[in-house]
Structure formats: structure tokens, C-alpha cells
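A.B. asks: prediction below, plus the sequence it came from.
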Amino acid sequence: MLILSIESSCDETAVAVTEERNVLSSVINTQIEEHKIYGGVVPEIASRRHCENISLVCEEALKKANKTYKDLDAIAVTFAPGLIGALLVGVNFAKGLAMSLDIPLIPVHHLRSHIAANYLTHKELEPPFLCLTVSGGNSIITEVKDYTTFKIVGATRDDAAGECFDKSARAMGLAYPGGVTLDRIATTPDFKKYPLPTPKVEGSEYDFSFSGLKTAVINLIHNASQKGEEVDVPVLAATLRAKVSDMLVQNTMKAAENLGYNKIVLAGGVSANSELRRKMDEECKNRGFSLYYPEICYCGDNAAMVGAQAYFEIKAGHTADESLNAFATMPIDYI
Ligand code: KG4
């Protein structure tokens, strides 16, 4: 089944042509350079750029796949969660395409597609497994019972891990997207020099809280500047990275042991983090668990992962008509 997929939930306009787990083309037009000067994504600018770019990116994806509109069997699109104005561009473009070509329209949840990025990298990977999905807007631990059945077992109570990295990095004076830069410049952690807190969450042993950590980093930097002291940014970055990674790995391991999973999957933009991968690898090896994570090119937002999930959504009968809407928030287990 040949699927053309569209992703426009944040600051990347992406279109891909996929056939089950095989990627025929994956084109990403990123707006990072434009948002960099504001230190974060400006939603209005993101929507406008999606409008300008989407048909060109679509043409390019078809051309690279050596296909035409007539070859397509279905159109897939990210419909939630994300920036509402940005999502609406992709959703309406997809609706127009599906209607004019008279082929099915497949709505895809953004976090489901982040998880499905793993199917592109690991052709043999099948549910059930336990997945830690960490991105700029979400941090959740999910039981993936089958390709379209998800159960959330842990989630952040406040900021996502990516948000904590991005905002802390901004306070450190690092360029947007901060998480990527922070990971690149981080050296060795020093918990004595920078005693960051370990936030605890009451009520669920698998939930996270990252806003306190972010505030601690910001306060530490302000205090140092008031005293005229230099902050060792690479060491502070490494200390924060180790702290966040420990929290993510510990809760995932606890959930895996208690719920009986020995197959662990990492997904989302933050799954590119080198310390998170190293620590997760180490802890999984210690327990004899198998660990999967996507290739770096499929960690961030892209449309190939939308196509990978769309194949399973259409097989489960999850299609939409022209009344499809976009949603800024939507739990992964919505259906
Ligand atoms: O999944 P994604 O591309 O977009 C969302 O769906 O949110 O994730 C973007 C997030 C940003 O917060 C970015 O800083 C973070 O992923 N990120 C990283 C790394 N690469 C991307 N955070 C830490 N270390 C990285 N290597």
C-alpha cells in the first residue's frame, strides 16, 4: 500500500512516501533557522511557512519516490497533538488531496508516529513492548499492546523532558533547539558543584516532573550572575543531562519490571540524546532486556514515521472523512 504522509505539527513541513515499513522518500523542510532568533517556535510564523511550503515539499517527495499522485493508495496526516494553526495546514491539505484523488484519509496521532519511527529502523520489531516517548511537548511511558492499542502508565505532570532541556539551554545562552546543543557541548557531570534536585511525584511511581529541575538551573544561573561568578556551562549541561536521563531511565525500568516487559523502545526527539541512550543501553543490558531506538534521522519530526503508523491505522479501519479536525492536545490512547 503506497501512502503519502504529511507532518506539520510544529516547525517542520514534512512529506514522505512509504510502502509499509519501507521509505521511498522523506522530505523535511525545517524552519529552525527562522525561529532561532526568537529562542523558540513562534506559532504564527510556523503556520505561515507550512502554507507556503507544503505543496512544494509534497511535489518533491513524490518526485524523489518516482511516483505520481495517481500511484497513491491513501493520504495520511498528523492531526494531533501539536500547534493548532500548524496542524490545520497539514490536515486541510491532506483532506483536499484525499478528496480530489478519491482515496482514503488516515488521521495519525503524533506520538504514535514517533513510536512507529522504530518500525522503519527495526523491520522485525513488533508489539507488545514498553515505550518511553520523550519529545519537546510530551514525556510518557506507554504499554504498546499492539500497533494501535496503547496504555499510558506514566507521564510528566508538568514540563516535557525536551522543554526542560530547551529552556535550561536558553538560560545557559545556548542556541535553539537547546536540547541538541546542550547534548553536543556537555562534558562530565559534577553533582557536588551543581547539586540539582531530584523531583519526586506523589501518586504514581512512573510519573515525572521536570519543571523544578528547569527552575533550579535558571535560578543557579541567575544567582551566579548576581555574584559575578562564571558558570561552567559544559559541566552544568552534563549534570542536567545526567539528571534527566536518570529520571527517565529509572521510571522506565521500574515500569518494565513491574509490568513484565523485557522489550523496551525509545521514541521522540529526545531519544537522540546520547546520555539517555547510553544509560538506557546499560540498564537494559544489566537486566537482559532488548532495547530499540530509531535512527537519528527518524528521531525528530518527519513524515516517514507518520506513514509507518498510518499503515497499521488503516488496517485497523481508522480512516476519516472531510470532517476531520486538528487538536492541540489528544491522549495517545484516544481510540
Ligand atoms: O520529537 P521532536 O522533534 O518534536 C516534538 O514532537 O516535540 O522533539 C523535539 C525536542 C526538542 O525539545 C529538542 O531540543 C529535543 O527534542 N532534542 C534533544 C536532542 N535532540 C532533540 N534533546 C536532548 N538531546 C538531544 N540530542
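C.D. replies: Yep, that arrived. Residues are numbered from 1 along each chain as shown.

A.B. asks: SS state for the residue lying closest to Lys36 once chain neighbours are set aside?
C.D. replies: Nearest non-adjacent residue to Lys36, counting by CB to CB, 6 or more residues apart in numbering: Tyr176, 4.9 Å away. C-beta coordinates here come from the backbone N, C-alpha and C atoms, glycine included. At Tyr176, secondary structure determined by DSSP: H, G, I helix; E, B strand; the rest coil is coil.

A.B. asks: show me what contacts Tyr176?
C.D. replies: Tyr176 sits next to Ile32, His35, Lys36, Tyr38, Gly39, Gly40, Asp166, Ala169, Arg170 when contact means CB atoms under 8 Å, 6 or more residues apart in numbering.

A.B. asks: which among the residues you listed end up buried?
C.D. replies: His35, Gly39, Gly40, Asp166, Ala169, Arg170 (16 or more other CB atoms under 10 Å).

A.B. asks: what's the most distant pair in those residues?
C.D. replies: The span of those, defined through CB to CB, is set by His35 and Ala169 at 14.1 Å.

A.B. asks: report the central residue of this protein.
C.D. replies: Residue closest to the average C-alpha location in the chain (CA atoms, centre = their mean): Gly268, at 2.8 Å.

A.B. asks: ok, that residue - contacts?
C.D. replies: By CB under 8 Å, 6+ apart, the contact list for Gly268 reads Leu111, His114, Thr133, Val134, Ser135, Asn138, Gly162, Cys299.

A.B. asks: mind putting the residues you listed into CSV with secondary structure, neighbour count and pLDDT?
C.D. replies: Compiled in CSV, the contacts of Gly268 are given as follows (DSSP: H, G, I helix; E, B strand; the rest coil; neighbours: other CB atoms under 10 Å; pLDDT from 0 to 100):
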residue, secondary structure, neighbour count, pLDDT
Leu111, helix, 26, 97
His114, helix, 29, 98
Thr133, strand, 28, 98
Val134, strand, 30, 97
Ser135, coil, 25, 91
Asn138, coil, 22, 90
Gly162, helix, 24, 94
Cys299, coil, 23, 95
